[in-house]
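Trainee: no sequence on this one, just coordinates:
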């Protein structure tokens, strides 16, 4: 059995169990979510490219897609290419034998010729596969991602592309309340709006703070109020 056999592949990172489609507020991204759900079931577009700025929810969606595929007993693989320096491009070999591949932050390997070649080859193998679905994410559209290999840029434009739409403040509040509900926590509207006005406004930061407040609330056996939040966060 070769090292690239899918049976031997293991996830390089732990997938958080709370980053699912149920904990993601769609906002204006429902069409993208519907497409990812299809990919997670082995249907729909063969290749999906989604892009948006850092901390906009791309990673959450890739985690959710892998989680849904696993729930359907499909073989899925998530790889954050932001850690490519600690890996060999050979990790991409054989992935086309899986049902789903999710590659996060592929723009992190731009201007790295060996990695670009490996990604190009993977695209070609996925295109020839009967079963595999490939979902990739980046901070910008394919033409602006900085790749040097023209053939790879061409491949990145295969399939369907989605730009993640930013959430309004009301949508962010709804997303925070939904995440709190999933964790068994109540986030009153006034507390949520207070957090939106006092913290960085990206969802990753807001969710991390919400997780911290959840733990503090359980320890102190107190509900989330503005005074309690100020005390815990030193605001």
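Mentor: Sure thing, it's come through. The structure displayed is predicted, hence computed values, not measured ones.

Trainee: can you count the residues close to residue 177?
Mentor: Residue 177 is flanked by 19 other residues according to other CB atoms under 10 Å. All C-beta atoms are positioned from the backbone trio N, CA, C, and that covers glycine.

Trainee: I'd assumed residue 190 was in contact with it.
Mentor: No. Between residue 177 and residue 190 there is no contact under CB atoms under 8 Å: 11.8 Å.

Trainee: Return the set of buried residues in the helix-or-strand element of the chain with minimal mean pLDDT.
Mentor: Here the helix or strand of the chain ranked lowest by mean pLDDT, DSSP states H and E is helix 169-182, holding a mean of 89. By neighbour count with 16 or more other CB atoms under 10 Å, helix 169-182 contains the buried residues 171, 172, 173, 174, 175, 176, 177, 179, 180.

Trainee: Which residue comes closest to residue 202 once chain neighbours are left out?
Mentor: Distances taken as CB to CB, 6 or more residues apart in numbering place residue 55 nearest to residue 202, at 3.8 Å, with adjacent residues excluded.

Trainee: my read: residue 123 touches residue 134, true?
Mentor: Yes. Using CB under 8 Å, residue 123 is in contact with residue 134, at 7.3 Å.

Trainee: Name the residues contacting each of those two.
Mentor: Shared contacts of residue 123 and residue 134, defined by CB atoms under 8 Å, 6 or more residues apart in numbering, are found at residue 47.

Trainee: all helices of this protein, in order?
Mentor: Under the criterion DSSP state H, the chain contains helices at 30-40, 58-71, 113-128, 150-156, 169-182, 189-198, 203-220, 226-233.

Trainee: Distance of the residue sitting nearest the centre point of the chain relative to residue 41?
Mentor: Residue closest to the average C-alpha location in the chain (CA atoms, centre = their mean): residue 59, at 1.8 Å. Going from residue 59 to residue 41 by CB to CB, to the nearest Å gives 21 Å.

Trainee: what's the answer for residue 175, then?
Mentor: Distance from residue 175 to residue 41, counting by CB to CB: 24 Å.

Trainee: Would you mind naming the residues that bridge with residue 48?
Mentor: Counting by DSSP bridges, residue 48 forms beta bridges with residue 135, residue 160.

Trainee: Pull the contacting residues for it.
Mentor: 35, 36, 39, 133, 134, 135, 136, 159, 160, 161, 162.

Trainee: before we move on, back to that, the closest residue to the residue nearest to the centre of the chain other than its chain neighbours: what's it in contact with?
Mentor: With CB to CB, 6+ apart as the criterion, residue 59 has its nearest non-adjacent residue at 5.6 Å, and that residue is residue 104. By CB under 8 Å, 6+ apart, the residues touching residue 104 are 58, 59, 62, 78, 79, 80, 81, 82, 136, 137.
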